[in-house]
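Undergrad: could you look at this predicted model? Sequence included:
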Amino acid sequence: MSQVHKSERGESRFEVMENALKLKRQLRELDYVRNWGLKIREARLPGNWEQWSTDSKAKWAHREADRIARLRALDSRFLSRKRETIEKLIEDMLNGIEAANSIQHPGSMAEADERRLQQCRAIAACQQMLVHLQDIMDTVPIDKNWMTAIEPTIRAEVALLRAWKKSDNEKRREIREGDMRRWAKFLKKCMAKDPDGELLRGIYHATINAIQQAEGDDPEA
């Protein structure tokens, strides 16, 4: 019975995309529905408020309303920039997953490297999301409960992506060894035509040693 590489199974890819779509929904709900949980705290009334004149109370209320308006404007501009950045990271994550998944059966190291590059792109996007969410929490007054609820989903996505990437190691090693064996076969033919070629002989033996070493090495992470 033929064996199926882990990298060729559908379950892990399905989990990766399923969780990525869940993360996208959570982020967009937090952004568009809850406005990042933004909270502008109103100042407490002074302790001797009752002793203030009507005119003093009106001036204080006006200053407080102006303070809140300015804070909302500043926070809105900051969150608007973050919104654009996080939307781009969501797009990078999903595009990376789709692009990697489109190369399900790499036949060369170039294809295997491109698949890995796209997986790393998705991982990097998730890690950048964590950085920007932390920046939002540190900069504007928001309900941190909503933000901390998203962090486990992001970290779960990173773990799934890394496991998916690692599952390709066996296939990558087979491709690499196959490339080296073909190269060694080519060199051997060249040596048969030029038995006195010392350079070719040195390259050939170096290739054989590399193949033997690769067979004994652990797969790359």
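TA: That came in fine, so what should we check first?
Undergrad: for Ser76, give its distance to Val140.
TA: 9 Å (CB to CB, to the nearest Å). Using the backbone N, CA and C atoms, a C-beta is placed for each residue, glycine as well.
Undergrad: whoops, I mixed them up, Asn169
TA: 42 Å.
Undergrad: thinking again about what came up before, Ser76 and Val140 - which one has more neighbours?
TA: The residue with more neighbours, out of Ser76 and Val140, is Val140; 19 against 12, by other CB atoms under 10 Å.
Undergrad: phi first, then psi, for that one.
TA: Per-residue torsions, Val140: phi -120, psi 150 (degrees, to the nearest 10).
Undergrad: repeat that for Pro141.
TA: Per degrees, to the nearest 10, the backbone of Pro141 is at phi -80, psi 100.
Undergrad: what's the weakest-modelled helix or strand in this structure?
TA: helix 198-216 (a mean of 62; mean pLDDT, DSSP states H and E).
Undergrad: next, count neighbours for Arg162.
TA: For Arg162, the neighbour count with other CB under 10 Å is 14.
Undergrad: packing partners of the host helix or strand of Met129?
TA: In the assignment (DSSP states H and E), Met129 maps to helix 109-139. Secondary-structure packing of helix 109-139 (3 or more CB pairs under 8 Å, 6 or more residues apart in numbering; DSSP states H and E): helix 10-28, helix 54-101, helix 144-166, helix 169-193.
Undergrad: report the inter-axis angle for it versus helix 10-28.
TA: 30 degrees (axes from the mean of the first three to the mean of the last three CA atoms, to 10 degrees).
Undergrad: what's the angle from helix 109-139 to helix 144-166?
TA: If you take the same axes, to 10 degrees, helix 109-139 sits at 170 degrees to helix 144-166.
Undergrad: go through helix 109-139 and flag the buried ones.
TA: Within helix 109-139, the residues that count as buried by 16 or more other CB atoms under 10 Å are 112, 114-116, 118-119, 121-126, 128-129, 133, 136-137.
Undergrad: who's the closest spatial neighbour of Ala99, skipping the chain neighbours?
TA: Once flanking residues are discounted, Ala99 sits nearest to Gln118: 4.1 Å by CB to CB, 6 or more residues apart in numbering.
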